[in-house]
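In: quick one: sequence and predicted model below, then my questions.
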Amino acid sequence: MTTQELVAQIKKKKSFLCIGLDVDLDKIPPHLLKEEDPVFAFNKAIIDATHHLCVSYKPNTAFYEAYGLKGWKSLEKTINYLNENYPGIFTIADAKRGDIGNTSTMYAKAFFEDLAFDSVTVAPYMGKDSVEPFLAFEDKHTIMLALTSNEGAFDFQTKQINDKELYKHVLETSKSWKNFENLMYVVGATKAEYFTEIRKIVPNSFLLVPGVGAQGGNLQDVCKYGLSENIGLLINSSRGIIYASNKTDFAEAAAKKALELQVQMADILS
Ligand SMILES: O=c1ccn([C@@H]2O[C@H](COP(=O)(O)O)[C@@H](O)[C@H]2O)c(=O)[nH]1
């Protein structure tokens, strides 16, 4: 999916919501555990109930890798289900990869070719040659960690290096990389006070913003400082939506939570 197509979907649905599919077998409704693939059964029900309210889904691969081969199969079934049934949805593999060049190429093939995701999250720590193999996939998007939502973001990302903080070096340096137009960034909703500075460096780039809901980030604050001319935001909520109920009404309860965010987004976009 191109950035223009993503923007068109956002305008059509009046939503820039990304729903996180972080499936934990200890949290899903117990009746689903009888299913052959409880993780996929849960995802399918959540997707069918919420697809009209969001523009993106983000499975965090940790929640699938934790279940070994079975978990990877559930992830494969989930991305195939999305691509076959909801082709207008932007898919994100939240895998936070990045390694020496030839290894990064294999990670990119895993998520872009074997599993046909639109995008994958990467860590910037190993530098340009660890990210460019992802960017080499011209019709795909690479989403690089810039300023994360957790407390540990202050350990390194905001440290001053020469004249500015490390996260600003990450943003500025990456602007010269080949296929920069396919680069997006992760910025935590819990760091709303940083969005003005971030927008000075990357005024038009898309930002994937986790941390609304369970982590306490505020949608209005993020939008106040983070919206760009082409909207430029994908706001993620995972636990706050998918675990709204652990009874048989879990999908409707998730849709209700998604609707609460979508209504606020429609209001912001109007
Ligand atoms: O800075 C970051 C980067 C990634 N995440 C991921 O987003 C979701 C958030 O889940 P919630 O349940 O809505 O808190 C999860 O997959 C994280 O690993 C993040 O939170 N912060």
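Out: Looks like it came in fine.

In: off-centre distance for stretch 87-97?
Out: Distance, stretch centre to chain centre, for stretch 87-97: 6 Å (Cα atoms, centre = their mean, to the nearest Å).

In: with stretch 153-160 instead?
Out: Average the C-alpha atoms of stretch 153-160, do the same for its chain, and the two points are 22 Å apart (Cα atoms, centre = their mean).

In: what's the end-to-end length of it?
Out: 13 Å (Cα to Cα, to the nearest Å).

In: what do you get for stretch 109-126?
Out: Length of stretch 109-126, first residue to last, Cα to Cα: 19 Å.

In: what about it, average pLDDT?
Out: Regarding stretch 109-126, the rounded mean pLDDT is 98.

In: per-residue confidence at Gly213?
Out: At Gly213, pLDDT is 85.

In: neighbours of it, just the number please.
Out: For Gly213, the count of nearby residues is 20 (other Cβ atoms under 10 Å). All C-beta atoms are positioned from the backbone trio N, CA, C, and that covers glycine.

In: would you mind measuring from it to Val23?
Out: Gly213 sits 16 Å away from Val23, going by Cβ to Cβ, to the nearest Å.

In: what about Lys247, how many residues nearby?
Out: By other Cβ under 10 Å, 9 other residues sit near Lys247.

In: typo on my end, Ser119
Out: That count, for Ser119 with other Cβ under 10 Å as the rule, works out to 27.

In: ramachandran angles for it?
Out: phi -160, psi 160 (degrees, to the nearest 10).

In: so what's it up against?
Out: Listed by Cβ atoms under 8 Å, 6 or more residues apart in numbering, the contact set of Ser119 reads Phe90, Thr91, Ile92, Ala93, Lys140, His141, Thr142, Ile143, Met184.

In: enumerate the residues of the stretch 1-150 of the chain near the ligand.
Out: Gly20, Asp22, Asn60, Asp94, Thr148, Ser149, Asn150 (Cβ under 6 Å from any ligand atom).

In: again, only this time at 8 Å
Out: Counting by Cβ under 8 Å from any ligand atom, the positions of the stretch 1-150 of the chain adjacent to the ligand are 20, 22, 58, 60, 62-63, 94, 96, 121, 145, 147-150.

In: strands of the stretch 51-200 of the chain, residue ranges please.
Out: Assigned by DSSP state E, counting those that start in this stretch, the stretch 51-200 of the chain shows strands spanning 56-58, 90-97, 119-122, 141-147, 160-161, 164-165, 183-187.

In: just to revisit the earlier point, closest to Leu75 out of the residues of the stretch 1-150 of the chain next to the ligand?
Out: The shortest gap between Leu75 and any of these belongs to Phe63, at 8.7 Å (Cβ to Cβ).

In: tell me how many other residues crowd the closest residue to the closest one other than its chain neighbours.
Out: Nearest non-adjacent residue to Phe63, counting by Cβ to Cβ, 6 or more residues apart in numbering: Asp22, 4.8 Å away. If you count neighbours by other Cβ under 10 Å, Asp22 ends up with 20.
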